[in-house]
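K.L.:
Next comes the sequence, and after it the predicted model I'd like to discuss.
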Amino acid sequence: MRPGSLAVIAVVCALLGASTTLVVAKAAGWVGGDGATRTVVLTAPGSATPAANPIDEDADAKPLPGNDFDAEAIYRERAAGVVTILALFGPNDSVAASDAAQGSGFVVSSDGYILTNSHVITTAGEGDPTATPEAANTVFVEFREGDRVRARIVGWDIYDDVGLLKVNPSDHHLTVVPLGDSAHVAVGQPVAAIGSPFGNESSLSVGVVSATERSIASLTSSYDLVDAIQTDAPINRGNSGGPMFDARGRVIGINAQINSDSGTAEGVGFAVPINSARRSMEQLIENGEVRYAWLGISTQTLTPRLADHFDYSVDAGAAVQTVVAGSPAADAGIQAGGLEKEFTGIPFRPGGDLIIAINGAPVETAEDVVRAITEGLLPGQTTRLTLLRDGKQVEVAVQLGERPATPPGSDR
């Protein structure tokens, strides 16, 4: 971890409530003087931009056999693919003379790509979340036996807190770990985390999935992460960027944050789902940037009690609360809610559009809207919203924009 800074590796992060601001968009966390959002892709002198092809996982990176949870087998087969990352922010390559951050990562391809968190290899998450993050000047990757090689920063996505490194595969033998499918993660299933907590390299901790699809405050941006995996496996400073494995040794998440009063593990850790991380990684490799679509609204989950109190004809959906002026939603005529009222302690603006489906897929919560826009759509694409407006069902087509670097002010 970086001396004097807790924000680099793990952060005390509070959960958000049911209201989700949806200003959904371009990733990589760089805001230029013209206000445009850009992705930073750093290339070592004389090296080429990353090849425009997705990773191909090593043929030897197979799931472990059987269905039982065997922590010893997971560690034995996967620990060699987990690395310690040392990021130097000083003017030279001397650890003693530099401001150093330490985290974890894991090898995802035989040609040298390594996944981690963006806050491990940049200043994202330190201080003002709207500030332009700066990349580490030098990054070293240390393997389990202590062999250390230099890594190149390919790029990062501050919205999902994903960082991507690349090492020369000829510098060290690489053990690739297989990626799983976080869409099928279930509460109660056992998990194992491998990383370097407090600088203790190649450490194993185990636990279970405590919750899925958690909406948590992002460490590295002003937007929420709506699909975080919660676990009781101990996650501490230095675990950030390391893998969370399922029972078959497949990565289902990147360990990223803790919710703690003390700054150390208290049974509430969070991981970025691997499906989100894979999306960011593949875009960085293929295009050198990550793009997020933007609708330009804030929504609130409609619960059965809210629906009954405010006379909705359905008992689930995402109630539009505010619409950003000049946004794609505003251009499409999406209607915001009226004056804010309160029921059972929940602030709510009734009277606006209620989103009940996006491109035919049902919407039951505010998080469903964020999920639908960010996971499967890109800026410039047109999406179809099914709305309940004044008791009648209507469909509205919206051409999506690019997510601003920070959520803009909203306008009723």
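P.N.:
Everything's here; your move. Keep in mind that this is a model prediction, so the values were computed, not measured. Numbers count the residues shown, from 1 in each chain.
K.L.:
now for whatever helix or strand residue 397 lives in, which elements pack on it?
P.N.:
Using DSSP states H and E, residue 397 sits in strand 392-399. On a contact count with 3 or more C-beta pairs under 8 Å, 6 or more residues apart in numbering; DSSP states H and E, strand 392-399 meets helix 328-331, strand 382-389. The C-beta positions use only the backbone N, C-alpha and C, and glycine is treated the same way.
K.L.:
The lengthiest strand in the chain - contacts with which helices or strands?
P.N.:
The residue-count maximum for a strand in the chain (DSSP state E) belongs to strand 203-217. The elements that strand 203-217 packs onto, with contact taken as 3+ C-beta pairs under 8 Å, 6+ apart, are helix 71-78, strand 190-195, strand 224-231.
K.L.:
Lowest average confidence across these, which one?
P.N.:
Ranked by mean pLDDT, the helices and strands packed on strand 203-217 bottom out at strand 224-231, with a mean of 91.
K.L.:
sorry, back to before: kindly reformat the helices and strands packed on strand 203-217 as CSV and extend each row with distance to residue 382 and mean neighbour count.
P.N.:
As requested, the helices and strands packed on strand 203-217 are exported to CSV (distance: least, C-beta to C-beta, whole Å; neighbours: other C-beta atoms under 10 Å):
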stretch, distance to residue 382, mean neighbour count
helix 71-78, 42, 17
strand 190-195, 39, 25
strand 224-231, 23, 25
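K.L.:
Report the residue spans of this structure with pLDDT below the cut-off.
P.N.:
1-60, 92-98, 127, 129-130, 259-267, 409-412 (pLDDT under 70).
K.L.:
what's the domain layout of it?
P.N.:
Annotated domains of the chain cover 20-287, 293-402 [automatic domain parsing].
K.L.:
Am I right that residue 278 sits in a helix?
P.N.:
Yes. Residue 278 forms part of a helix when assessed by DSSP: H, G, I helix; E, B strand; the rest coil.
K.L.:
show me the contacts for it.
P.N.:
Neighbouring residues of residue 278 by C-beta atoms under 8 Å, 6 or more residues apart in numbering: residue 179.
K.L.:
And the strands in the stretch 151-300 of the chain, which stretches?
P.N.:
Counting by DSSP state E, counting those that start in this stretch, one finds strands in the stretch 151-300 of the chain at the ranges 162-166, 190-195, 203-217, 224-231, 243-245, 251-258, 269-273, 293-294, 297-302.
K.L.:
If you could redo that for the stretch 301-412 of the chain, that was the one I meant.
P.N.:
Assigned by DSSP E, counting those that start in this stretch, the strands in the stretch 301-412 of the chain fall at 317-323, 341-343, 346-348, 354-358, 361-362, 382-389, 392-399, 401-402.
K.L.:
ok, now which ones touch the residue nearest the centre of the chain?
P.N.:
By C-alpha atoms, centre = their mean, the chain has its centre lying nearest to residue 160, at 2.3 Å. By C-beta under 8 Å, 6+ apart, the contact set of residue 160 is 27, 225, 272, 276, 277, 279, 280.
K.L.:
The same query, at a cut-off of 10 Å, please.
P.N.:
Shown in contact with residue 160 (C-beta atoms under 10 Å, 6 or more residues apart in numbering): 27, 117-118, 218, 220-221, 223, 225, 227-228, 254, 256, 272-273, 276-277, 279-281, 290, 292, 374.
K.L.:
just the buried members of these?
P.N.:
Neighbour counting by 16 or more other C-beta atoms under 10 Å classes 27, 117-118, 218, 220-221, 223, 225, 227-228, 254, 256, 272-273, 276-277, 279-281, 290, 292, 374 among the contacts of residue 160 as buried.
K.L.:
Wait, residue 245 touches residue 177, no?
P.N.:
Yes. Counting by C-beta atoms under 10 Å, residue 245 touches residue 177, with 7.9 Å between them.
K.L.:
Would you mind telling me which of those two has more residues around it?
P.N.:
Per other C-beta atoms under 10 Å, whichever of residue 245 and residue 177 has more neighbours is residue 245, with 31 against 24.
K.L.:
Which strand residues bridge the more buried one?
P.N.:
Beta-bridge pairing of residue 245 under DSSP bridges involves residue 192, residue 251.
K.L.:
on that earlier part again, quick one, which of the strands of the stretch 151-300 of the chain is nearest to residue 319?
P.N.:
Residue 319 lies closest, by C-beta to C-beta, to one member of the strands of the stretch 151-300 of the chain: strand 297-302, at 5.0 Å.
K.L.:
Taking strand 392-399 as reference, get the angle to the closest one.
P.N.:
If you take axes from the mean of the first three to the mean of the last three C-alpha atoms, to 10 degrees, strand 297-302 sits at 150 degrees to strand 392-399.
K.L.:
Sheet partners, orientation included, of strand 297-302?
P.N.:
Applying DSSP bridges, one finds strand 297-302 paired with strand 20-22 (antiparallel), strand 317-323 (antiparallel).
K.L.:
Tell me how far the longest one lies from the chain's centre.
P.N.:
Just to be clear, that refers to strand 317-323. Centroid separation for strand 317-323 versus its chain: 23 Å, with C-alpha atoms, centre = their mean, to the nearest Å.
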